[in-house]
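>>> from the sequence below, what's the structure:
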Amino acid sequence: MSTEKPSRNEDEYFARQDADLIKSTRALELAKIQEEARRQHLMKCPKDGYDLTTRELHGVQIEFCPHCGGFWLDKGELAVVMEREDKTGLLGRIVKDLRATLTGSMAKEKERE
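Residues are numbered from 1 along each chain as shown. Modelled structure (predicted):
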């Protein structure tokens, strides 16, 4: 068994290998953390963190929070609403229906408390 010290080139090679391994491991860990954070926030209300519920109103899928009454339209859904708005007043009908639905849902929640 030799007790000779490795050459400088060998030291640099293994140091580089270790640094690359650490870098790739950290990148994988960061990707896992980011994916988990995304999953935890998926379909959660950005205002209060409660689960969002999806409802179809006038052919448009709308996510809303039964707790705070907030509602969200995805990009494609908003385009559908905007396209129909000029012809049918769809946005006004959706808001009116949501308001009625949420008022009823929130009243039921308060009765349970």
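
>>> quick check, residue 98 in contact with residue 62.
Yes. Using C-beta atoms under 8 Å, residue 98 and residue 62 qualify as a contacting pair, with a distance of 6.8 Å. C-beta coordinates here come from the backbone N, C-alpha and C atoms, glycine included.

>>> between those two, which one's more packed in?
residue 62 (21 against 17; other C-beta atoms under 10 Å).

>>> confidence score at the more buried one?
Looking at residue 62, its pLDDT reads 86.

>>> and it, which helix or strand is it part of?
Assigned by DSSP states H and E, residue 62 belongs to strand 60-64.

>>> quick one: average pLDDT of the helix or strand following that strand?
Using DSSP H and E, the helix or strand that follows strand 60-64 in sequence is strand 71-72. For strand 71-72, the mean per-residue pLDDT is 84.

>>> from residue 57, how far out is the most centrally placed residue in the chain?
Centroid-nearest residue in the chain, with C-alpha atoms, centre = their mean: residue 42, separated by 3.8 Å. Applying C-beta to C-beta, to the nearest Å, the value for residue 42 to residue 57 is 22 Å.

>>> looking at the chain, which helix is longest?
For the chain, the helix reaching the highest residue count under DSSP state H is reported as helix 8-41.

>>> state the distance from the residue nearest to the centre of the chain to residue 70.
Plainly put, residue 42 is 16 Å away from residue 70 if you go by C-beta to C-beta.

>>> likewise for residue 79?
20 Å.

>>> compare these two (neighbour count), which wins?
residue 70 (17 against 11).

>>> wouldn't that one be in contact with residue 47 here?
Yes. With contact defined as C-beta under 8 Å, residue 70 counts as touching residue 47 (5.4 Å).

>>> checking my notes, residue 82 in a strand, right?
No. Counting by DSSP: H, G, I helix; E, B strand; the rest coil, residue 82 is not part of a strand but helix.

>>> any idea which element residue 55 lies in?
strand 53-57.
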